[in-house]
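Asker: Sequence first, predicted coordinates after that:
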2 protein chains.
Amino acid sequence: MSKAPIEFYFDFSSPYGFLAARVIDEKAAEWGREVVWKPYLMGVVMKETNVQPLLTIPVKGKYAYHDVMRHCRYYGIEGKLPEQFPFISVAAARAFYALTDAEPETAKRLARALFERAFIAGQSIAKPEEVLSVAESIGLDRDALAESNSLEIKERLRQEVEASLEKGVFGSPFFIVDGEPFWGHDRLRDVGEWLQRGGW
Amino acid sequence: MSKAPIEFYFDFSSPYGFLAARVIDEKAAEWGREVVWKPYLMGVVMKETNVQPLLTIPVKGKYAYHDVMRHCRYYGIEGKLPEQFPFISVAAARAFYALTDAEPETAKRLARALFERAFIAGQSIAKPEEVLSVAESIGLDRDALAESNSLEIKERLRQEVEASLEKGVFGSPFFIVDGEPFWGHDRLRDVGEWLQRGGW
């Protein structure tokens, strides 16, 4: 696989990000690509675009909840939202970046476990302690995430968020494929067709 | 075809509505369904949901424009936006309702021609005169649309908008299939799968 990996941007508090995370690596493998996961914080761009969290918008939010649950059923899972929703996903994102350079697959495993804790168990992953507990549940020890609170990792996440904004990323999930942007879990089929046809 | 038709809600000023209008009847025929077209006015629900017109939103708007043009290319057409955009679609919607009860297929033909004038020719369809000119270009005479300005048709459109809000419609395109709501041109494939599998 010498071709550029798919960039997969998401916020840990995004149910559609959760859905995409379940399938993106498997699909990308079919398309002959690897995937770089890039958790970021949507709050920053939502201020800029003056967009409210999806599920809190009148009318639209009710539909979005219905749509998320319908997608969960489609994938054979029973979706659930944490009581506190939307939630702050800084701790989860930092934990990811504390791991990913040395062990990208472990970081993805942690990300999937965090998403499942949030959107299948319906439990909070907002606090650093809660993120650590998820990490332990998949066999990581606390030392592995010791860096999560370092200045270096805080700065790393800040830079990742800034870089995502510079690339025009504004939603979750958001994919960039050979420079081409695709927003939304429902665009995954387009990503596949784009790769297979080499664009259009 | 004894099953309930697909309800297809759209605003004439919506490029994604235009894209859906090009394919919905053909796809529905494959799925063994008919389609009832229901133009409405998104402005009303956008006030309620405090949502801005998509293409005017910072960052997101730029992507949406790119995405619309990409979809146009996918369908083999060159998309173009009218200079004045978004625009008021009241005249177009009224013309549609002036025709649809007596001649639903003619009303659809007019709707497609209006969409093409707006999003392929990139010309205005905001004014009643402009709507009439499109009608003439497909062989309708002005008398056919004489009702467009009647109190009856104004009231009809008002009722259609209200009924759409009551059903939770908030975007364009928006489909309702056996009571199940689907928002977005990119959900058409889901509509098809929903019908073929009988839901999930």
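Answerer: Happy to help now that I have it.

Asker: CA atoms for contacts and neighbours, from now on please.
Answerer: Will do.

Asker: Check whether the helix or strand containing residue A:48 comes into contact with chain B.
Answerer: Assigned by DSSP states H and E, residue A:48 belongs to helix A:42-49. Yes - using CA under 8 Å from any CA of the partner chain, helix A:42-49 reaches chain B at A:48, A:49.

Asker: Return the distance of that helix from the chain's centre.
Answerer: Relative to its chain's centre, helix A:42-49 lies at 16 Å (CA atoms, centre = their mean, to the nearest Å).

Asker: What of stretch A:110-117?
Answerer: Worked out by CA atoms, centre = their mean, stretch A:110-117 lies 10 Å from the chain centre.

Asker: show me where chain A has strands.
Answerer: Under the criterion DSSP state E, chain A contains strands at A:6-10, A:35-39, A:174-177, A:180-183.

Asker: what ranges of chain A fall below the confidence cut-off?
Answerer: Scanning chain A for pLDDT under 70 picks out A:1-2.

Asker: now with 50?
Answerer: Along chain A, segments meeting pLDDT under 50 span A:1.

Asker: So which bits of it are right by chain B?
Answerer: So chain A meets chain B at A:48-51, A:57-60, A:63, A:70, A:73-74, A:168-170, A:181, A:186-187, A:200 (CA under 8 Å from any CA).

Asker: my read: residue A:49 touches residue B:59, true?
Answerer: Yes - between residue A:49 and residue B:59 there is a contact at 6.7 Å, judged by CA atoms under 8 Å.

Asker: that older thread, kindly supply the PyMOL command isolating those of the residues of chain A next to chain B that are buried.
Answerer: Buried members of the residues of chain A next to chain B, defined by 16 or more other CA atoms under 10 Å in any protein chain shown, are picked up in PyMOL with:
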select buried, chain A and resi 49+51+57+58+59+60+63+70+168+169+170+181+186+187
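
Asker: wait, doesn't residue A:194 sit right on residue A:188?
Answerer: No - Residue A:194 is beyond contact range of residue A:188, at 9.7 Å (criterion: CA under 8 Å).

Asker: And those two? Which one has more around it.
Answerer: residue A:188 (20 against 15; other CA atoms under 10 Å in any protein chain shown).

Asker: how far away is the residue lying closest to residue A:88 once chain neighbours are set aside from residue A:132?
Answerer: Among residues not flanking residue A:88 along the chain, residue A:126 sits closest, at 5.5 Å (CA to CA, 6 or more residues apart in numbering or on different chains). The gap separating residue A:126 from residue A:132 is 11 Å, by CA to CA, to the nearest Å.

Asker: Any chance of JSON lines for the strands of chain A, columns distance to residue B:109?
Answerer: Conversion of these to JSON lines gives the following (distance: least, CA to CA, whole Å):
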{"stretch": "strand A:6-10", "distance to residue B:109": "41"}
{"stretch": "strand A:35-39", "distance to residue B:109": "45"}
{"stretch": "strand A:174-177", "distance to residue B:109": "36"}
{"stretch": "strand A:180-183", "distance to residue B:109": "32"}
